[in-house]
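Undergrad: Need coordinates for the below:
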Amino acid sequence: MFIEKNNKIRAALFKQLELLNDEQFNQKPELDAWSPKEIIEHLIKLENVIKDGITYQLANPKSPKARRKPIQLTTLRIIKAKAPTYIMPSTEFQTIEEMKTTLHTARMELLTVYESSDKETLNNKSLKHPIFGQLPLVQWFSFVGYHEKRHLRQLEKTIEKIKGHKE
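TA: Numbers count the residues shown, from 1 in each chain. Got it, this is the predicted structure:
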């Protein structure tokens, strides 16, 4: 089930953050690359947008049914996608603990939506994804994990570069 998979990915993500102090967390490895903080903020924003979108579509009687899509392709970093502006991170300094707490809260809110929803409705309504098109609402909960796995790889590479600059 997606919850266990998502929890494993989240644990690996948090383990990576243990390698950093707050200054490194906010440091960009390169001018045009995201800092670890920006990666985490992007994940937070995305989970909140997904939660809000699912909540809206659950209440929308005209939400269309959609076919399942190969969302596992999300983990392939060779497929590039520019993040929409509404999920782009800020450059504001944040601590690791603040961001971990906010990310955890976003996940708990998303899980609350899942647990309080009728599973048949989650299969019969959809929310549009910028690349995959209409995704059944139920697929969005797995998508969050695949998306986070994609950014876990990005985070690992970012930390390697930051640590390489410091040592």
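
Undergrad: Just list the residues touching the residue positioned nearest the centre of the chain, thanks.
TA: Centroid-nearest residue in the chain, with CA atoms, centre = their mean: L43, separated by 3.6 Å. By CB atoms under 8 Å, 6 or more residues apart in numbering, L43 lies in contact with 103, 106, 147-148, 151. C-betas here are computed from N, CA, C, even on glycine.

Undergrad: and it, backbone torsions?
TA: phi -60, psi -40 (degrees, to the nearest 10).

Undergrad: cool, I96 as well?
TA: phi -60, psi -50.

Undergrad: Give me the pLDDT value at it.
TA: For I96, the pLDDT comes out at 98.

Undergrad: Is it in contact with L19, as I believe?
TA: No: between I96 and L19 there is no contact under CB atoms under 8 Å: 10.2 Å.

Undergrad: Toward the C-terminus, what is the element adjacent to the helix or strand M108 falls within?
TA: Assigned by DSSP states H and E, M108 belongs to helix 96-115. Sequence-wise, the next helix or strand downstream of helix 96-115 (DSSP H and E) is helix 119-124.

Undergrad: Which neighbouring elements make contact with that next one?
TA: On a contact count with 3 or more CB pairs under 8 Å, 6 or more residues apart in numbering; DSSP states H and E, helix 119-124 meets strand 133-136, helix 137-166.

Undergrad: ok, T95 - how many residues close by?
TA: As a burial measure, T95 scores 13 neighbours (other CB atoms under 10 Å).

Undergrad: Tell me the backbone dihedrals of it, please.
TA: Torsion angles, degrees, to the nearest 10, at T95: phi -90, psi 160.

Undergrad: contacting residues around it?
TA: Residues in contact with T95 (CB under 8 Å, 6+ apart) are 22, 25.
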